[in-house]
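Engineer: Show me how the following folds:
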Amino acid sequence: MANPWAGEVELALNGQRHVAKLTLGALAELEAEIGETGGMIALVERFEAGRFSSRDVLAVIVAGLRGGGWQGCAGDLRSVEIAGGPVEAARKAAELLARAFSVPGEGAA
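Structural biologist: Next up is the predicted model:
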């Protein structure tokens, strides 16, 4: 079970639960992945404005899963069923970003 106070989000991949978390290392990996699109501030702004891409969602999900201990890569998610589909994946990605950049008890649930 994910602990929201620790910035964790639960994702189900092919029916198996995983905990995702944007640790400092995961954030650095994410920043390297999306660097050419304006960096972390631009990524967060795209999510806040609802202008994110599927590539953004995938990058955040992969970084979060890796921060939670998953050993895969983006290519491993090509044929994986994420519970709730693309809409839920986008919601989980936004949740990961919100939890990574907020103080517990101040806006992130």
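Engineer: ok, residues contacting the helix or strand harbouring Asp56?
Structural biologist: Taking DSSP states H and E as the criterion, Asp56 maps to helix 54-67. For helix 54-67, contacts defined as CB atoms under 8 Å, 6 or more residues apart in numbering pick out 9, 11, 18, 20-23, 25-27, 29-30, 33-34, 37, 43, 46-47, 72-74, 77, 82, 86, 89-90, 92-93, 96-97. In this view, the C-beta of every residue, glycine as well, is placed from N, C-alpha and C.
Engineer: What mean pLDDT does that helix get?
Structural biologist: For helix 54-67, mean pLDDT rounds to 95.
Engineer: Excluding residues flanking it in the chain, which one is nearest Gly69?
Structural biologist: Nearest non-adjacent residue to Gly69, counting by CB to CB, 6 or more residues apart in numbering: Val19, 7.4 Å away.
Engineer: What of Ala93?
Structural biologist: Counting by CB to CB, 6+ apart, Val60 is the residue found nearest to Ala93 once chain neighbours are left out, at 3.9 Å.
Engineer: burial measure for that neighbour, as a count.
Structural biologist: 31 (other CB atoms under 10 Å).
Engineer: One more: the one 3 residues further on?
Structural biologist: Residue neighbour count, defined by other CB under 10 Å, stands at 29 for Ala63.
Engineer: what do you get for Ala12?
Structural biologist: 15.
Engineer: Tell me the secondary structure at it.
Structural biologist: Using DSSP: H, G, I helix; E, B strand; the rest coil, the structure places Ala12 in strand.
Engineer: quick revisit: ok, and what's touching whichever helix or strand comes after the helix holding Asp56?
Structural biologist: Next along the chain after helix 54-67, taking DSSP H and E as the criterion, comes helix 85-100. Residues outside helix 85-100 that contact it (CB under 8 Å, 6+ apart) are 4, 7-9, 11, 20-22, 27, 43-44, 47, 52, 54, 56-58, 60-61, 63-64, 82, 84, 107-108.
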